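Trainee: Here is a sequence together with a model predicted from it:
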Amino acid sequence: MTPVAAQGFAGLRLSCRRSERMVFTGLDFTVAAGGALLLTGPNGSGKSSLLRLMAGLIKPYSGRLDYNGTWLADDPARHREIVAYLGHQDAVKPMLTVGESTQFWAGLRGRQDKAEAAMAAMGLTELSDLAGRFLSSGQRRRTALARVIAGGAPVWLLDEPTVGLDVKSIAALESALAVHCADGGIVIAATHAPIALPGAVSLNLADFAPSGFANEVEAA
């Protein structure tokens, strides 16, 4: 009998294969509404691959993803609707201003009215008229994070979100994550750096390395 996922965002017996290599296998997770999951583990253990799988950018080799008991493979449109993904690339267009970029992403979900608040959350209000090509790496990262905030998706998937951020910006990010969870949202973030997020639990991807590959991951 197929197991029924708990309410929230869940993965059941997930395996990921990239090219000829099995990255991880037998992975289960469940994050309830208002919860947070921090993905840890050494380089090569599959943190980024798991986030891309959660975002629907790659398919699991085996296993399934569920949201509130619905198998997402049966409803790709629903899958796209519930997640906001931030990868290593910031996806900031050089010709668009910070405000235009944030308004564009918010508009895709009919939330143009949330763009100003999202920029303020990441300390970008005074940069709203600055074009992307003039932004520093930290400013681009904050603009990308504002896009996630403005979109209002219930599940945020963040790959190393603190990269390029200074102490003040990390504090702003942590505050935005806490607000999202308090509103019933879900945060899943891959990180090598500590993120202060009350109630967050950790999942070490090295624990799901295929037999015979664990030592190679640890040495990476």
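Mentor: Yep, that arrived.
Trainee: In the chain, which residue is most central in space?
Mentor: By Cα atoms, centre = their mean, the mean C-alpha position of the chain lies nearest to L157, the distance being 1.3 Å.
Trainee: Surely it forms part of a strand?
Mentor: Yes: secondary structure of L157 (DSSP: H, G, I helix; E, B strand; the rest coil): part of a strand.
Trainee: any idea what sits nearest H88, other than its immediate chain neighbours?
Mentor: Once flanking residues are discounted, H88 sits nearest to D159: 5.9 Å by Cβ to Cβ, 6 or more residues apart in numbering. C-beta: built from backbone N, CA, C; applies to glycine.
Trainee: how many other residues sit next to that neighbour?
Mentor: Around D159 there are 21 other residues, counting by other Cβ atoms under 10 Å.
Trainee: I figured A153 was touching R109, is that so?
Mentor: Yes: contact criterion Cβ atoms under 8 Å: A153 and R109 qualify, at 7.3 Å.
Trainee: of these two, who's got more company?
Mentor: Remark: of A153 and R109, A153 carries more neighbours, 19 against 14, as counted by other Cβ under 10 Å.
Trainee: A121: what's it in contact with?
Mentor: A146, I149, A172, S175, A176, V179 (Cβ atoms under 8 Å, 6 or more residues apart in numbering).
Trainee: By neighbours, which of those wins?
Mentor: In terms of neighbour count, A146 stands highest of those at 29 neighbours, by other Cβ under 10 Å.
Trainee: so when I look at that one, I'm seeing a helix, right?
Mentor: Yes: secondary structure of A146 (three-state DSSP): part of a helix.
Trainee: Show me the shaky parts of the protein.
Mentor: Within the chain, the ranges that satisfy pLDDT under 70 run 1-6, 212-220.
Trainee: need the strands for it, in chain order.
Mentor: 9-18, 21-31, 36-40, 62-67, 70-71, 83-86, 155-159, 186-190, 201-204 (DSSP state E).
Trainee: for these, which one sits closest to R140?
Mentor: strand 83-86 (11.5 Å; Cβ to Cβ).
Trainee: what pairs with that closest one, and is each one parallel or antiparallel?
Mentor: Within its sheet, strand 83-86 is paired with strand 155-159 (parallel), according to DSSP bridges.
Trainee: which other residues reach the strand it pairs with?
Mentor: The contact list for strand 155-159 (Cβ under 8 Å, 6+ apart) reads 9, 47-48, 51, 54-55, 67, 82-88, 148, 177, 180, 185-190.
Trainee: relative to strand 186-190, how tilted is it?
Mentor: Relative orientation of strand 155-159 and strand 186-190, computed by axes from the mean of the first three to the mean of the last three Cα atoms, to 10 degrees: 10 degrees.
Trainee: Can you tell me which of the contacts of strand 155-159 are buried?
Mentor: In these, burial by neighbour count holds for 9, 47-48, 51, 54-55, 67, 82-87, 148, 177, 180, 185-190, counting by 16 or more other Cβ atoms under 10 Å.
Trainee: wait, which of the contacts of A121 is closest to G123?
Mentor: G123 has its nearest neighbour among the contacts of A121 in A172, at 5.6 Å by Cβ to Cβ.
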